[in-house]
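[1] Structure, please.
(chains A and B)
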Protein chains: 2
Amino acid sequence: MGQFAIGIDGGGTNCRAAVIDQTGQILGTGKAGAANILSDLENSLINIVESARQALATAGLDPELVRQLPAVIGTAGANVGNYGKRVEGALPFASSRVVTDATIALQGALGDADGIIGAFGTGSVYNARRDGKIWGIGGWGFVIGDQASGARLGRDLLERAVLAFDRVTAASPLTDAVMAEYGNDPERVVEFAHASKPKDFARYSPIVFEYAAMNDVVAMDIVKTAAKAITESLDALLWPECPSICLLGGLAQAYRPWLDARHKTLLAEPRGDVLRGAIDLAVKLLRDGEGNRG
Amino acid sequence: MGQFAIGIDGGGTNCRAAVIDQTGQILGTGKAGAANILSDLENSLINIVESARQALATAGLDPELVRQLPAVIGTAGANVGNYGKRVEGALPFASSRVVTDATIALQGALGDADGIIGAFGTGSVYNARRDGKIWGIGGWGFVIGDQASGARLGRDLLERAVLAFDRVTAASPLTDAVMAEYGNDPERVVEFAHASKPKDFARYSPIVFEYAAMNDVVAMDIVKTAAKAITESLDALLWPECPSICLLGGLAQAYRPWLDARHKTLLAEPRGDVLRGAIDLAVKLLRDGEGNRG
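    Okay, here's the model as predicted:
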């Protein structure tokens, strides 16, 4: 069994796994429930293994091979206390290497190179690798963090829509469209906001960019404020020789034109996604001849 | 019984009542639970009446006199649908006049004069009376509204403290103090923020002003942003002949030095609080000879 390994993205929404050979070719993929090792270790372990078993089955291999193959698992919280070691000890793989979600995201986007990644989806978070050392900022959630995330863009938009309704700040085609959606009743906007989760607010992020591209004054203001937050965070991570910055997540493309010129020149397309990062590390594990029991 | 009347502030936290005579002198006061007529009409009615009965007892009068005296009640939601009329119809007073919380707040602060009031506590809201006509803006709650409120100041502070921890924006003695309170652990700040209600965030507002007075850069930035929001809201209400602006609520004094010069010149001390406003209107009711059954 020295020719196969498993790479797993143990994500907060679901786990994705891939069985690969020594060349990195994907033989099969699998998917299972969420991994949140800090809040639900037991189910996280179940879902990590289930995604791997599915990947083996899809590859036409025996799911029981999980016990004979090495695996690399990237998951949030792997660097908190002894959680990473606990997960490594509890998993059935021939050998397990548990790393942070940032590690596989960086590996997926940058390969072995140094650089910075910024992820913009419902939330936002930044990670950097410099001389092989990884560190990150942001990702502190919707209420007091996640600047420039889809959720914050949506929240900003609803705030501006209600301020425009009160004639406190300028209305625009975008704020008019939002108020029309709620029957021009600010009470209903407030009701939505108080009942909503970050992903509900984030649903508004595409139209913010859409209207910003049409020079809507409010949309441009919201996006510029978000882009300024991105600039500040990238500057906090950047070093003179930093070779590249990769933007990831659903809003990555939308933010490109709004970035600071100094950062735009460093922009690079990510090589691959987080699962690709886990696969990369699994291939290394195979080539280094580590952890094979079969 | 033509010489007494009752004024009631039917507030969202509690009801306060006063029995007054024709000169406006307060003979007794009472207090009971909250009035939220839109969300809990039944208990609101109970609490309104209970506060009045207590006021009569404190004045050395028979609580049963509620049935023989006229009352003015100011409460939020009185202008929504037929809620005001429903409350008037359900109360036991000889005659009831139910008005909005804005009406008694304006009456308390400005008497019969035109002007603007801005209230800054855990939340924020603005009302104006021009040629006797009342209108208001703001008060849309913590998530997407209540700019410059205590809750928003606190939320802004925690956001800045975590950004400073990440070295994204400048640290200051204030952000250092906040992070120290949480053992310099941003996870704990985030945990607090996600578990907190507006009043929990608002607990930070006094130290924001305290540090701003000591030229703390972050505190000044937060207060200036809030003051700009106040300027925008006051400008939305202001008209050329507006005689005065009154600031109300726990943060009223703290904001005075930060206001725009154009608004500072119009600042006036409020004549009285919201209960004073209800009392004022009750005196008018007495003098006009309305609603006495006794």
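[2] contacts, neighbours, all on C-alpha from now
    Will do.
[3] Show me which positions of stretch A:171-184 end up buried.
    Neighbour-count burial for stretch A:171-184 flags A:A171, A:S172, A:L174, A:T175, A:V178, A:M179, A:N184 (criterion: 16 or more other C-alpha atoms under 10 Å in any protein chain shown).
[4] Same question for stretch A:183-203.
    Residues of stretch A:183-203 classed as buried under the neighbour-count rule (16+ other C-alpha under 10 Å) are A:N184, A:P186, A:V189, A:V190, A:A193, A:P198, A:K199, A:D200, A:F201, A:A202.
[5] excluding its backbone neighbours, what's nearest the residue nearest the centre of chain A?
    When chain A is reduced to its mean C-alpha position, the nearest residue by C-alpha atoms, centre = their mean turns out to be A:A119, at 5.4 Å. On the basis of C-alpha to C-alpha, 6 or more residues apart in numbering or on different chains, the spatially nearest residue to A:A119 that is not a chain neighbour turns out to be A:L248, at 4.4 Å.
[6] Equivalent analysis for A:I117, please.
    Nearest non-adjacent residue to A:I117, counting by C-alpha to C-alpha, 6+ apart: A:C246, 4.7 Å away.
[7] Report the contact partners of the one you found.
    A:C246 makes contacts with A:A109, A:L110, A:G115, A:I116, A:I117, A:G118, A:L267, A:A268, A:E269, A:P270, as judged by C-alpha atoms under 8 Å, 6 or more residues apart in numbering or on different chains.
[8] Which other helices and strands does the one helix or strand A:I116 maps to contact?
    With the criterion set as DSSP states H and E, the secondary-structure element containing A:I116 is strand A:115-120. If you count contacts as 3 or more C-alpha pairs under 8 Å, 6 or more residues apart in numbering or on different chains; DSSP states H and E, strand A:115-120 packs onto helix A:101-110, strand A:124-130, strand A:245-248.
[9] hmm, try it at 6 Å
    In terms of contacts (3 or more C-alpha pairs under 6 Å, 6 or more residues apart in numbering or on different chains; DSSP states H and E), strand A:115-120 is packed against strand A:124-130, strand A:245-248.
[10] right, so of these, which gets closest to B:A219?
    Nearest to B:A219 among the helices and strands packed on strand A:115-120 is strand A:124-130; the distance by C-alpha to C-alpha comes to 25.1 Å.
[11] where's the spatially closest residue to A:L275 that is not a sequence neighbour relative to A:D166, distance?
    Leaving aside its sequence neighbours, A:L275 sits nearest to A:D9 (C-alpha to C-alpha, 6+ apart; 5.1 Å). A:D9 sits at a distance of 46 Å from A:D166 (criterion: C-alpha to C-alpha, to the nearest Å).
[12] who's more crowded, the two?
    Here A:D9 and A:D166 are set side by side on neighbour count (other C-alpha atoms under 10 Å in any protein chain shown), and the busier one is A:D9, at 32 against 18.
[13] The more buried one contacts A:R276, doesn't it?
    No. Between A:D9 and A:R276 no contact is recorded; they are 8.7 Å apart, counting by C-alpha atoms under 6 Å.
[14] Now for the two: what residues contact both?
    When contacts are counted by C-alpha atoms under 6 Å, 6 or more residues apart in numbering or on different chains, A:D9 and A:R276 are jointly contacted by no residue.
[15] Let me know the closest of the contacts of A:C246 to A:A102.
    Taking C-alpha to C-alpha as the measure, A:A102 sits nearest to A:I117 out of the contacts of A:C246, at 9.1 Å.
[16] Correct me if wrong: that closest one contacts A:N127.
    Yes. Taking contacts as C-alpha under 6 Å, A:I117 lies within contact range of A:N127: 5.3 Å.
[17] where are the low-confidence patches of chain A?
    Within chain A, the set of residues satisfying pLDDT under 70 comprises A:1-2, A:289-294.
[18] Mind splitting it into its structural domains?
    Taking automatic domain parsing as the domain assignment, the record places the domains of chain A at A:4-108+A:273-287, A:113-270.
[19] Ranking those domains by mean neighbour count, which comes first?
    Neighbour counts averaged per stretch over the domains of chain A are highest for domain A:4-108+A:273-287, at a mean of 22; criterion: mean count of other C-alpha atoms under 10 Å in any protein chain shown.
[20] Ends of that one, what's the gap?
    End-to-end distance of domain A:4-108+A:273-287: 10 Å, with C-alpha to C-alpha as the criterion.
[21] With stretch A:35-48 instead?
    End-to-end span of stretch A:35-48 (C-alpha to C-alpha): 7 Å.
[22] Identify the residues contacting it?
    By C-alpha under 6 Å, 6+ apart, the residues outside stretch A:35-48 that reach it are A:G10, A:G11, A:G12, A:A32, A:G33.
[23] In contact with the last one, which residues?
    By C-alpha under 6 Å, 6+ apart, the residues touching A:G33 are A:N14, A:C15, A:N47.
[24] cutoff 8 Å now
    Neighbouring residues of A:G33 by C-alpha under 8 Å, 6+ apart: A:T13, A:N14, A:C15, A:S44, A:N47.
[25] Not counting residues beside it along the chain, what's closest to it?
    Counting by C-alpha to C-alpha, 6+ apart, A:G33 lies nearest to A:N14, which is 4.5 Å off, once chain neighbours are set aside.
[26] need the contact list for the residue in the stretch 1-150 of chain A positioned nearest to chain B.
    Across the stretch 1-150 of chain A, the shortest distance to chain B (C-alpha to the nearest C-alpha) belongs to A:I144, at 4.6 Å. A:I144 makes contact with B:R155, B:D156, B:L158, B:E159, B:V190, B:A193 under the criterion C-alpha under 8 Å, 6+ apart.
[27] Up against chain B, what does chain A have?
    Selection of chain A residues close to chain B by C-alpha under 8 Å from any C-alpha of the partner chain yields A:137-138, A:140-141, A:143-145, A:155-156, A:158-159, A:162-163, A:166-169, A:186-187, A:190, A:193-194, A:232-233, A:235-236.
[28] from the buried residues of stretch A:171-184, which single one is nearest A:A151?
    Distances from the buried residues of stretch A:171-184 to A:A151 were compared by C-alpha to C-alpha; the smallest belongs to A:V178, at 15.5 Å.
[29] Tell me which of the residues of chain A next to chain B fall in strands.
    When DSSP state E defines the strands, the subset of those inside them is A:I137, A:G138.
[30] before we move on, back to that, quick one: closest of the domains of chain A to B:E88.
    For those, proximity to B:E88 was assessed by C-alpha to C-alpha; domain A:113-270 is nearest, at 24.2 Å.
[31] Quick one: the helices in the stretch 101-250 of chain A, in order.
    Using DSSP state H, counting those that start in this stretch, the helices of the stretch 101-250 of chain A run over residues A:101-110, A:150-165, A:173-181, A:186-195, A:198-202, A:205-213, A:217-237.
[32] Now do the last one against strand A:124-130, angle only.
    The one in question is helix A:217-237. Orientation check (axes from the mean of the first three to the mean of the last three C-alpha atoms, to 10 degrees): helix A:217-237 against strand A:124-130 gives 30 degrees.
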